[in-house]
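Novice: Below are the sequence and a predicted model for it; my questions follow.
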Amino acid sequence: MTQIAEPRKLSFDNTEIAFKSKTDKDLDRAYLLYKVIASNFLVKVGPPITNFALNIGLPIQGIIKSTIFKQFCGGETIEGCTSAINHLGENNVGTILDYSVEGEDTEAAFDATFKETLRTVVAAKTNKYIPFSVFKPTGLGRFELFEKVNANETLTEAEQAEYNRMYDRCDEICKACYEANVKVLIDAEHSWIQDAIDDIARDMMEKYNKEQPIVYNTYQLYRHDKLASLKADFDYAKTQNFFLGAKIVRGAYMEIERQRAAEKGYPSPIQPTKEATDKDYDAAIHFILDHIDRFGVMAGTHNEASSLLLANELDRRGIDHRSDRIFFAQLLGMSDNLTFNLSESNYNVAKYMPYGPIKAVMPYLFRRAQENTSVAGQTGRELGLIIKEKQRRKASR
């Protein structure tokens with residue numbers, strides 16, 4: 001009598017699966033890079049030194065490209081990302097192309113980012129390994145303009161025209177995704193401009209999510225008010241008869257948020273403890289799955305407990321691992337133990353793949369390195385997993 005094998009129990013400790021797509025050279029590079037990131041001193045002095053060297057034309061781009069850029073970015077162009085996209089796709093992992101040029105504030109730069117984002121939509125339409133597009137609202141309009149709208153200040157005639165151009169860029173991207181049947185993520189930003197972004201996101205969802213979740217807003221659960229926002233948006237979506245697309249994350253601006261709140265004398269929007277953040281994140285998972293018939297969810301997290309919770313809940317509720325309503329996501333170059341073990345168990349999972357000219361994406365890369373040092377245990381976990389796999393490979397030879 002033929003015995004049916006038990007399904008493999010999901011574990012995030014299997015480094016053989018986690019790093020199956022990495023060569024020994026890849027692991028060595030990642031090990032050295034995370035050792036550098038573990039040094040707070042180097043992370044703090046590195047950005048000004050690197051910027052100075054780039055600005056005066058010192059030939060360091062080759063070093064950057066072969067180290068931190070190679071770890072966290074797919075390439076300088078969409079075409080340059082093709083090999084990385086296909087490599088992930090062959091391992092059952094999707095790609096979210098993220099044009100990661102930050103800090104620009106001219107209309108020409110906003111138009112360039114808009115056109116480049118439309119190119120990612122075309123790429124997603126033609127490549128089965130790209131399930132989502134993404135854009136950062138401040139890549140399409142001035143931060144100060146969002147700030148003024150968020151504060152309900154009256155715009156000048158010129159500012160209103162500027163706002164309309166930004167809004168139209170957002171709309172054109174979402175419309176292109178709707179027509180191409182490509183999901184699109186609207187990234188979250190700082191709390192003092194987020195209400196203005198949320199308003200735009202709701203408009204886009206109400207317009208393009210009538211048949212299925214296409215547009216996804218981002219909810220940063222390290223804010224103490226965002227679980228309530230998610231539930232309120234769901235109630236509004238029911239009333240207006242559209243699907244709610246929700247990318248749930250913990251958050252990326254904790255230190256800046258707390259510092260600004262202290263300086264300006266208002267209550268911090270950030271949760272009082274990490275445990276409170278974890279509680280709200282997991283509550284968001286339960287709430288979304290309770291109403292999955294009206295939701296699309298992207299769980300953007302590097303947290304093992306929350307990832308395991310969502311995976312187990314899908315099994316407990318009998319929800320297909322491959323439902324196109326439910327995705328996991330991690331950043332390229334990080335948490336491969338989550339990504340590849342989830343893909344091995346046939347869950348929908350994707351990597352955020354930043355790309356762009358090396359000099360232009362350096363602000364993103366510096367921010368990523370600094371976030372790794374500020375998230376408790378993240379760098380140590382990465383190093384521990386790499387060391388474990390290096391030892392495993394050595395013992396198996």
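Specialist: Thanks, I have it.
Novice: Confirm for me that L185 is in contact with T117.
Specialist: No - when contacts are counted by C-beta atoms under 8 Å, L185 is not listed as touching T117 (11.1 Å). (Each C-beta comes from the backbone N, C-alpha and C, glycine too.)
Novice: Now the common contact residues for those two.
Specialist: In terms of C-beta atoms under 8 Å, 6 or more residues apart in numbering, L185 and T117 are both contacted by the residues 133, 135.
Novice: what's the helix or strand harbouring S133 packed up against?
Specialist: Assigned by DSSP states H and E, S133 falls within strand 132-135. Counting contacts by 3 or more C-beta pairs under 8 Å, 6 or more residues apart in numbering; DSSP states H and E, strand 132-135 is packed against strand 94-99, helix 107-126, helix 157-180, strand 183-186.
Novice: Take those and write them to JSON lines, including mean neighbour count, distance to N209 and mean pLDDT.
Specialist: Shown next, in JSON lines, are the helices and strands packed on strand 132-135 (neighbours: other C-beta atoms under 10 Å; distance: least, C-beta to C-beta, whole Å; pLDDT from 0 to 100):
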{"stretch": "strand 94-99", "mean neighbour count": "26", "distance to N209": "18", "mean pLDDT": "97"}
{"stretch": "helix 107-126", "mean neighbour count": "18", "distance to N209": "16", "mean pLDDT": "97"}
{"stretch": "helix 157-180", "mean neighbour count": "17", "distance to N209": "9", "mean pLDDT": "98"}
{"stretch": "strand 183-186", "mean neighbour count": "25", "distance to N209": "10", "mean pLDDT": "98"}
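Novice: so which of the ones you listed gets nearest A30?
Specialist: Among those, the nearest to A30 by C-beta to C-beta is strand 94-99 (18.9 Å).
Novice: Between helix 107-126 and the closest one, find me the angle.
Specialist: Interaxial angle, strand 94-99 versus helix 107-126 (axes from the mean of the first three to the mean of the last three C-alpha atoms, to 10 degrees): 160 degrees.
Novice: hang on, K148 packs against E159?
Specialist: Yes - assessed by C-beta under 8 Å, K148 is found in contact with E159 at 6.9 Å.
Novice: before we move on, back to that, got a list of contacts for the strand holding S133?
Specialist: 94, 96-99, 113, 117, 120-121, 124, 170, 173, 177, 182-187, 216, 298, 327, 350, 352.
Novice: Try it again at 7 Å.
Specialist: Strand 132-135 has contacts (C-beta atoms under 7 Å, 6 or more residues apart in numbering) with 96-98, 117, 120-121, 124, 173, 177, 182-187, 350.
Novice: after that strand, next one along is what?
Specialist: Assigned by DSSP H and E, the successor of strand 132-135 is helix 143-150.
Novice: any idea of the mean pLDDT for that next one?
Specialist: The pLDDT scores in helix 143-150 average 98.
Novice: And the furthest pair within the contacts of strand 132-135?
Specialist: I173 and A350 (18.4 Å).
Novice: Give me the below-cutoff pLDDT ranges for this protein.
Specialist: Low-confidence segments of the chain, defined by pLDDT under 70: 1-8, 39-62, 103, 367-377.
Novice: For it, which segments are assigned as strands?
Specialist: For the chain, the strands defined by DSSP state E occupy 94-99, 132-135, 183-186, 215-220, 244-249, 295-300, 326-331, 349-355.
Novice: so how far is the last one off the chain centroid?
Specialist: This points to strand 349-355. Taking C-alpha atoms, centre = their mean, to the nearest Å, one finds the center of strand 349-355 at 7 Å from the center of the full chain.
Novice: Just put the strands of the chain in TSV and tack on distance to R392.
Specialist: Converted to TSV, those look like this (distance: least, C-beta to C-beta, whole Å):
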stretch	distance to R392
strand 94-99	27
strand 132-135	33
strand 183-186	35
strand 215-220	36
strand 244-249	31
strand 295-300	28
strand 326-331	21
strand 349-355	22
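Novice: Indicate which one of those strands is closest to E389.
Specialist: With C-beta to C-beta as the criterion, E389 lies closest to strand 326-331 of those, at 16.9 Å.
Novice: what's the angle between the closest one and strand 295-300?
Specialist: Going by the same axes, to 10 degrees, strand 326-331 makes 20 degrees with strand 295-300.
Novice: tilt between strand 326-331 and strand 215-220?
Specialist: Interaxial angle, strand 326-331 versus strand 215-220 (the same axes, to 10 degrees): 60 degrees.
Novice: which secondary structure elements does strand 326-331 contact?
Specialist: strand 295-300, helix 336-344, strand 349-355 (3 or more C-beta pairs under 7 Å, 6 or more residues apart in numbering; DSSP states H and E).
Novice: hmm, try it at 8 Å
Specialist: Right, strand 326-331 is packed against strand 295-300, helix 304-316, helix 336-344, strand 349-355 by 3+ C-beta pairs under 8 Å, 6+ apart.
Novice: Assess the claim that D13 and L308 are in contact.
Specialist: No - under the criterion of C-beta under 8 Å, D13 is not in contact with L308, lying 11.2 Å apart.
Novice: Compare neighbour counts for the two and give me the winner.
Specialist: Per other C-beta atoms under 10 Å, whichever of D13 and L308 has more neighbours is L308, with 16 against 11.
Novice: and the spatially closest residue to that one that is not a sequence neighbour, how many neighbours?
Specialist: Closest residue in space to L308, ignoring its immediate chain neighbours: L10 at 6.8 Å, by C-beta to C-beta, 6 or more residues apart in numbering. Neighbour count for L10, taken as other C-beta under 10 Å: 16.
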